[in-house]
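Q: dropping the sequence and predicted coords here.
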Amino acid sequence: MKQLFRFIVVLCAALLGLAATPGFAQTPRLIIGAIYVGSTNDYGYNKSFHDALAQVARELPGVKVIEAENVPESADAERVMEGMIQQGARLIFPTSFGHKDFARKVAKRHRDVAFEHPGDGKTESNFGVFFGSTQIAWYAMGVGAGKMTRSHKLGFVIGMPIGYALGNVNAFQMGARSVNAKARTVVVVTGGWSDKAKEAGAANALLDQGCDVVAMHVDSPATVIQTVEARGGMSIGFQSIEARALAPKGWITGLGFTWAPFIKEVAQSVLAGKFRGEATYQGLGGMVAIAPFGSAVPAEVQKLVNDAATRIKKGFNPFTGPLLDNAGNTALPMGASIGNDQMGNFNWYVEGVIGKVR
């Protein structure tokens, strides 16, 4: 009996040692799937999710992440998600706007799998929506741009003139104007979220017009930032705070998504069998953060940006009337305001923006 007992003790110790050995195949408690429309090395939107999921996998024991890059916004996305479910995924993040409809189809076929889509729309028992509320936060970015510009001309490259992008531009211009009455923002639309050639052309066009600070709303800020940096301009990044590495001289600051706490909370709800599809939107201090400042940004400018961010966290909303659009018409009457749940409805540019919605 003693020999049997010793054998069991030695066997258990050996198994525990094997389990602690790197590469030992343990059955994960939760498999999370994520699909991206581009590369996770884009210093932008896709990287923000990749980094957040990697963080969650480190912090939650037994969580495994499977990812698929360059998944088009087509029926291919549906097939990729089905494949992830076959691999055991119980939580899926279809991260691109165009993945949404295909994800809903898959979700209806697999009610035991949780889906979280970064966007808006109807929620279901196994389908939640979420996003970082960037529009108001861009006001603080405008403050930095308005103080740093010497030409008083700011540039903004956007992929498509959707409401969320227009809201980013509008808050940026209002923030700039709050500290620089001469500030104007010139907008160039590329017509796509991931067209490097057009993004470089847009950045060069803005610089040629005299814009010395350029911001952007495209999937990857890399091309715009690098183009501006090469010509001695200044940039404000978006999507991932890691983009600051691309502009050692001209970086001012930027907005980055901080998805990890939300993803971790969702993963824990799935593990506990308590997932419920809801709509979750968070701004500064939640899903959005201000990137570190560049070395050339004076302390007084940093303070102004941080003060604006503090006001926003306390409830300041620049989208409060009266506001004029850039054609001189009343866009928001006195007392009217636009909340986080309405940012997708923008169809106008605020006074001081140079550009057309359509």
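A: That came through, no problem. Computed from a predicted structure; not experimentally measured. Numbers count the residues shown, from 1 in each chain.

Q: residues contacting Ala245?
A: The neighbourhood of Ala245, defined by Cβ atoms under 8 Å, 6 or more residues apart in numbering, consists of Tyr43. In short, each C-beta sits where N, CA and C put it, glycine included.

Q: so Ala205 touches Val188, yeah?
A: Yes - under the contact definition of Cβ atoms under 8 Å, Ala205 touches Val188, with a separation of 5.9 Å.

Q: A helix includes Val157, no?
A: No - using DSSP: H, G, I helix; E, B strand; the rest coil, the assignment for Val157 is strand, not a helix.

Q: who's in contact with it?
A: Applying Cβ under 8 Å, 6+ apart to Val157 gives the contacts 187-188, 190, 199, 202-203, 206, 214-218, 224.

Q: and for Ala114?
A: With contacts taken as Cβ under 8 Å, 6+ apart, Ala114 has the following neighbours: Arg90, Leu91, Ile92, Asn126, Phe127, Gly128, Val266, Ser269, Val270, Phe275, Gly277.

Q: Ala205 and Val188: which is more packed in?
A: More neighbours sit around Val188 than around the other of Ala205 and Val188, counting by other Cβ atoms under 10 Å; the figures are 23 against 14.

Q: by neighbours, which of the contacts of Ala114 wins?
A: Comparing the contacts of Ala114 by number of neighbours (other Cβ under 10 Å), Ile92 comes first, having 28 neighbours.

Q: so, low pLDDT: which residues of the protein?
A: Applying pLDDT under 70 to the chain flags residues 1-25.

Q: redo that, cut-off 80
A: The model of the chain has pLDDT under 80 over residues 1-26, 340-341, 358.

Q: and the helices in it?
A: With DSSP state H as the definition, the chain shows helices at residue ranges 2-19, 45-59, 75-86, 100-109, 134-148, 163-179, 196-208, 222-230, 260-271, 299-313.

Q: do you know which of those lies nearest Ala291?
A: When the helices of the chain are compared for distance to Ala291 using Cβ to Cβ, the nearest one is helix 134-148, at 9.7 Å.

Q: what residue spans form the domains of the chain?
A: According to automatic domain parsing, the chain comprises the domains 29-132+259-282, 134-256+290-354.

Q: which of these is buried the deepest?
A: Burial of the domains of the chain is given as mean neighbour count (mean count of other Cβ atoms under 10 Å); domain 134-256+290-354 ranks first at a mean of 20.

Q: from the chain's centre, how far out does it sit?
A: Relative to the chain's own centre, domain 134-256+290-354 is displaced by 15 Å; criterion: Cα atoms, centre = their mean, to the nearest Å.
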